[in-house]
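K.L.:
Got a predicted model here, sequence first, then my questions.
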Number of protein chains: 2
Amino acid sequence: MTPPRPTRVIAQLPATVPFVGPEVIERRTGKPFLARLGANESGFGPSPKVIAAIAEMAGDVWTYGDSENFLLREALSHHLGVGIDAITVGEGIDGLLGLTCRLFLEPGDRVVTSLGAYPTFNYHVAAQGADLVKVPYADDREDLDALVAATRLAPTRVVYLANPDNPMGTWWDAQAVETFVKAVPEETLIILDEAYGETAPEGTLPPATLMQPNLVRFRTFSKAYGLAGMRVAYAFGMPEIVSLFDRIRNHFGVNKLAQHAALVALADRDHVDNIVEKIAAARHELVATAREAGLVALPSATNFVAIDCGSSQRADAMLAAMLDKGIFVRKPMVPVLDRCIRISVGRSEAMGLAIAALSEAARAVKPL
Amino acid sequence: MTPPRPTRVIAQLPATVPFVGPEVIERRTGKPFLARLGANESGFGPSPKVIAAIAEMAGDVWTYGDSENFLLREALSHHLGVGIDAITVGEGIDGLLGLTCRLFLEPGDRVVTSLGAYPTFNYHVAAQGADLVKVPYADDREDLDALVAATRLAPTRVVYLANPDNPMGTWWDAQAVETFVKAVPEETLIILDEAYGETAPEGTLPPATLMQPNLVRFRTFSKAYGLAGMRVAYAFGMPEIVSLFDRIRNHFGVNKLAQHAALVALADRDHVDNIVEKIAAARHELVATAREAGLVALPSATNFVAIDCGSSQRADAMLAAMLDKGIFVRKPMVPVLDRCIRISVGRSEAMGLAIAALSEAARAVKPL
């Protein structure tokens, strides 16, 4: 008996996954990690108010969550100063990126991103059978001018920009982003991924009211808010675009506790401000350690730091040494970014282990 | 400025949603429901052990959940007696149905389902631009012979069967389902939705080891396990088919608390057994009330009862009367199923309100 064939696009997809999770590595090696600093999660955790709210609501999970995510969207509407119809909530930015690709991409469509940028976006593009054009970074930043040029070279359906950037942690100021957004052709949808927006310096994010028909912006509760495991994020933009998500999204798909946790997290501004300060302090400590170890830490507007090891070979060897010490960290996947190791910041215990392992790896693995 | 156009398929989709959520109705009317019995949730709630486990893990939600849902799949593997590679976990059956449609359906593909069966499946089929062929129910059951005949009439990519059925609550025994499964052409993927499997009489579900290359079965923690708001379900079948999900699923998409809650829920067999008994008792009470009110309750293998009001007009009027009394219930959408009102069973307080409202509506709205 022959199994039914999947679609032509699916049949050609590889079985690769964008990221191998830390639990998967732990099961393979049989060794639990001592520090978890590879997925840009927030080791500082969520607000105590959020933890209490989850515990308090635990008995209510027999009902589906609100299909319109209304209370959260209402709160986000006040937070951002935009209409509630300008906001849709989804199962993390990963989920929302998948929906966006399904809304706009057909086989053979042209999509522009940066070479080495967020691989989960590429994964969703591949699932639609669209073609990715990858623009190299310039000086470890996404190259805004080159991205615009690529969208103008041939009809382009979607362009992806993360600001601040992942995996390098670099960023552009709001003025540069606005110039970029205005320069992209109107038929090209702009995905502006602001997952790390909360940790960026003032003046990095364009005002929420920056909207145009071809722009959708994405933010998440997974990073500064410390709710990665809850899977809740949002997209915002002009209602004409945002309402399209309602045609295909899983209407009852956002976990009920996630909706409530995000609502409570959003309201606890003191906690977020405090965490952002802690992230900055931990970043400074990591930068200082790197410098002492003869390495160059890239400037970062995120909750991680990319540390330049001088060559991809050395970075690979240092990464292996850190993993071997039980420190879960990752590195960018493509040249020339892959000369770096990317370390998320977190609580002092984990940071202490990471800093010791980094220093030791730098001593053990000589520059080429 | 013209907004970017969505794909041709998306451009033609209506903005309708498969179900209007109870919170949406409450916001429209400004009146909270007194009893929530319209979405086949489990008013008996999850196991106390699950509630405690969620509260205990609440502080850990800063990390992403395991991308392989390993511990849950391992437990399901033991529970079902099938290999772990035969199981994939997703964000509710709704989420898994969406993935299945994306794996197998291209625009114009033929899909067979029953007329009046689960609308969320139809919603996901429409999103792929596939064509739905709808086979009428026979005697309020999905018509297995007619479904097979429809798959044989023209090349069919997917056929959908829910057993037990939703919205009617009727069912076929395992032998009839096996005969059906063997009779469908091998190029047609069979979606066997067993969302209500736990509440069905013994002998309803074919053994988990019933596998063939064109069969995928779906079960959920939303119904008997009382975890609708957590969004966790699984599909199982031959690894060749199940592994396809890894090509497009959101690998870090299942909420961390949901994975853990499902694991604890699966282990608490006493709770599930107890709930299944309570569901049966509440069903019997509802059936008796219907009979006293001169209505016919359909036999049900689920946690809801379809109550025959004699005509769609009377069912509409009785539904309106019940909603007006603050009782959230729903009714099937298409003739001839739409002569029924569908009432989920739950705790005695909600059931008491529903029973009173049903009796009153039956008195107030005379048969045609």
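P.N.:
Arrived safely, thanks for sending.
K.L.:
for residue A:27, helix, strand, or coil?
P.N.:
Three-state assignment for residue A:27 (DSSP: H, G, I helix; E, B strand; the rest coil): helix.
K.L.:
Wait, it touches residue B:70, no?
P.N.:
Yes - look at residue A:27 against residue B:70 with C-beta atoms under 8 Å: they come within range, at 6.6 Å. The way it works is simple: take the backbone N, C-alpha and C, and place the C-beta from them, glycine included.
K.L.:
Between the two, point out the one with more neighbours.
P.N.:
residue B:70 (17 against 14; other C-beta atoms under 10 Å in any protein chain shown).
K.L.:
Might you report the residue contacts of the more buried one?
P.N.:
Residue B:70 makes contacts with A:23, A:24, A:27, B:84, as judged by C-beta atoms under 8 Å, 6 or more residues apart in numbering or on different chains.
K.L.:
Generate a PyMOL selection restricted to the buried subset of those.
P.N.:
Applying 16 or more other C-beta atoms under 10 Å in any protein chain shown to those leaves a buried subset, and the PyMOL line that selects it is:
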select buried, (chain A and resi 23+24) or (chain B and resi 84)
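K.L.:
so which of the contacts of residue B:70 comes closest to residue B:256?
P.N.:
Within these, the smallest distance to residue B:256 is 10.5 Å, found for residue A:23 (C-beta to C-beta).
K.L.:
neighbouring contacts of the strand or helix carrying the closest one?
P.N.:
Using DSSP states H and E, residue A:23 maps to helix A:22-29. By C-beta under 8 Å, 6+ apart, the residues outside helix A:22-29 that reach it are A:32, A:33, A:36, A:38, A:39, A:323, A:328, B:66, B:67, B:68, B:70.
K.L.:
Now the buried members of these.
P.N.:
The neighbour-count test (16+ other C-beta under 10 Å) applied to these identifies A:33, A:36, A:38, A:39, A:323, A:328, B:66, B:67, B:68, B:70 as buried.
K.L.:
export the contacts of residue B:70 to a markdown table and tack on pLDDT and distance to residue B:126?
P.N.:
Converted to a markdown table, the contacts of residue B:70 look like this (pLDDT from 0 to 100; distance: C-beta to C-beta, whole Å):
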| residue | pLDDT | distance to residue B:126 |
| --- | --- | --- |
| A:23 | 97 | 36 |
| A:24 | 97 | 35 |
| A:27 | 97 | 39 |
| B:84 | 98 | 33 |
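K.L.:
so which of the contacts of residue B:70 comes closest to residue A:182?
P.N.:
Nearest to residue A:182 out of the contacts of residue B:70 is residue A:24 (C-beta to C-beta; 42.2 Å).
K.L.:
Could you check how far that closest one is from residue A:35?
P.N.:
Using C-beta to C-beta, to the nearest Å, we find residue A:24 at a distance of 17 Å from residue A:35.
K.L.:
can you check residue A:9 too?
P.N.:
Counting by C-beta to C-beta, the gap from residue A:9 to residue A:35 is 39 Å.
K.L.:
higher neighbour count, these two?
P.N.:
Counted by other C-beta under 10 Å, residue A:9 and residue A:35 do not tie: residue A:35 has more neighbours, with 25 against 20.
K.L.:
ok, the more buried one - contacts?
P.N.:
Shown in contact with residue A:35 (C-beta under 8 Å, 6+ apart): A:326, A:327, A:328, A:346, A:349, A:350, A:351, A:353, A:354.
K.L.:
Apply 7 Å and report the result again.
P.N.:
Residues in contact with residue A:35 (C-beta atoms under 7 Å, 6 or more residues apart in numbering or on different chains) are A:326, A:327, A:328, A:350, A:353, A:354.
K.L.:
For the fifth one, give me phi and psi.
P.N.:
When quoted as degrees, to the nearest 10, the phi and psi of residue A:353 stand at phi -60, psi -40.
K.L.:
and the closest residue to it other than its chain neighbours, bridged to which residues?
P.N.:
Distances taken as C-beta to C-beta, 6 or more residues apart in numbering or on different chains place residue A:35 nearest to residue A:353, at 4.5 Å, with adjacent residues excluded. Note on residue A:35: beta-bridge partners residue A:327, judged by DSSP bridges.
K.L.:
ok, for residue A:48, nearest residue in space, not its chain neighbours?
P.N.:
Distance criterion C-beta to C-beta, 6+ apart; nearest residue to residue A:48, sequence neighbours excluded, is residue A:271 at 7.7 Å.
K.L.:
Please apply the same query to residue A:173.
P.N.:
On the basis of C-beta to C-beta, 6+ apart, the spatially nearest residue to residue A:173 that is not a chain neighbour turns out to be residue A:203, at 5.3 Å.
K.L.:
quick one: is stretch A:234-254 near chain B?
P.N.:
Yes - Stretch A:234-254 lies within reach of chain B by C-beta under 7 Å from any C-beta of the partner chain, at A:240, A:241, A:244, A:246, A:247, A:248, A:250, A:251, A:252, A:253.
K.L.:
And that stretch, how far out from the chain middle?
P.N.:
Computed by C-alpha atoms, centre = their mean, to the nearest Å, the chain-centroid distance of stretch A:234-254 equals 19 Å.
K.L.:
Same question for stretch A:98-108.
P.N.:
Stretch A:98-108 has its C-alpha centroid displaced from the chain centroid by 19 Å (C-alpha atoms, centre = their mean).
K.L.:
still on that earlier bit, biggest separation within the contacts of helix A:22-29, which pair?
P.N.:
By the measure C-beta to C-beta, A:323 and B:70 form the most distant pair in those, at 19.4 Å.
K.L.:
hmm, back to that, among the buried ones among the contacts of helix A:22-29, name the ones in strands.
P.N.:
Among the buried ones among the contacts of helix A:22-29, the members falling in strands are A:36, A:328 (criterion: DSSP state E).
K.L.:
List just the nearest of the buried ones among the contacts of helix A:22-29 to residue A:194.
P.N.:
Taking C-beta to C-beta as the measure, residue A:194 lies nearest residue A:39 of the buried ones among the contacts of helix A:22-29, at 18.1 Å.
K.L.:
Isn't that closest one up against residue B:62?
P.N.:
No - the pair residue A:39 / residue B:62 is not scored as a contact, 10.2 Å apart, by C-beta atoms under 7 Å.
K.L.:
Please name the residues that touch residue A:251.
P.N.:
By C-beta under 7 Å, 6+ apart, the contact set of residue A:251 is A:67, B:17, B:18.
K.L.:
Backbone torsions only: list them for residue A:227.
P.N.:
Dihedral pair for residue A:227: phi -120, psi 40, per degrees, to the nearest 10.
K.L.:
Measure how buried it is and give me the count.
P.N.:
By other C-beta under 10 Å, the residues close to residue A:227 number 31.
K.L.:
OK, contacts around it?
P.N.:
A:46, A:221, A:261, A:262, A:265, B:61, B:62.
K.L.:
ok, which stretches of chain A are helices?
P.N.:
Here chain A has its helices, by DSSP state H, at A:8-11, A:22-29, A:48-57, A:70-80, A:92-104, A:119-127, A:144-153, A:174-183, A:239-242, A:256-267, A:269-292, A:312-324, A:348-364.
K.L.:
nearest to residue A:193, of these?
P.N.:
Residue A:193 lies closest to helix A:92-104 among the helices of chain A, at 6.5 Å (C-beta to C-beta).
K.L.:
which strands and helices sit next to that closest one?
P.N.:
Packed against helix A:92-104 by the contact rule (3 or more C-beta pairs under 7 Å, 6 or more residues apart in numbering or on different chains; DSSP states H and E) you find helix A:119-127, strand A:189-193, strand A:215-220, strand A:233-237.
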